[in-house]
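Chemist: what follows is a protein structure lacking sequence information:
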Ligand SMILES: O=c1ccn([C@H]2C[C@H](O)[C@@H](CO)O2)c(=O)[nH]1
Ligand SMILES: [Zn+2]
């Protein structure tokens, strides 16, 4: 699957965002090694801190269905430049996806930035940092 196709899936996911508070819709599409796509949108709550970002929705959906091998993720929002994932999502991607995995950041105007999980969060706190 090419970048364009994964971005199309992320855009479709974005349409389902539940954002009555921020009105800022985000979509994500996570591609597994065997070609399946898990889509996610942001889901807000009247208790604002309970909000789940699009990226984490996609990753948590995939993990909860038994997926462990990931190839790429595309993320889209109506931003000036390619959308910048928040710190919480960077941390979650860092633990559950390969460090070298492709991350496609984009916006509705077709601005695209390709990066990796590692480059989104250098020096991430990881499971190895936990004491037994
Ligand atoms: O990368 C991002 C950045 C923000 N949001 C969501 C959280 C909240 O619902 C809204 C505004 O922060 O956008 C995401 O889903 N992903
Ligand atoms: Zn986030």
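Modeler: Done, it's in. Computed from a predicted structure; not experimentally measured. Ligands and ions are numbered 1, 2, ... in the order given.
Chemist: which residue ranges form the strands in the protein?
Modeler: 26-32, 37-41, 70-77, 102-107, 112-116 (DSSP state E).
Chemist: give the contact list for the most centrally placed residue in the chain.
Modeler: Centroid-nearest residue in the chain: residue 55, 2.6 Å away (criterion: CA atoms, centre = their mean). The neighbours of residue 55, taking CB atoms under 8 Å, 6 or more residues apart in numbering as the test, are 26, 28, 40, 73, 75, 85, 89, 92, 93. The way it works is simple: take the backbone N, C-alpha and C, and place the C-beta from them, glycine included.
Chemist: the closest residue to it other than its chain neighbours: neighbour count?
Modeler: With sequence-adjacent residues excluded and distances taken as CB to CB, 6 or more residues apart in numbering, residue 55 is closest to residue 89, at 4.1 Å. Residues near residue 89, counting by other CB atoms under 10 Å, number 24.
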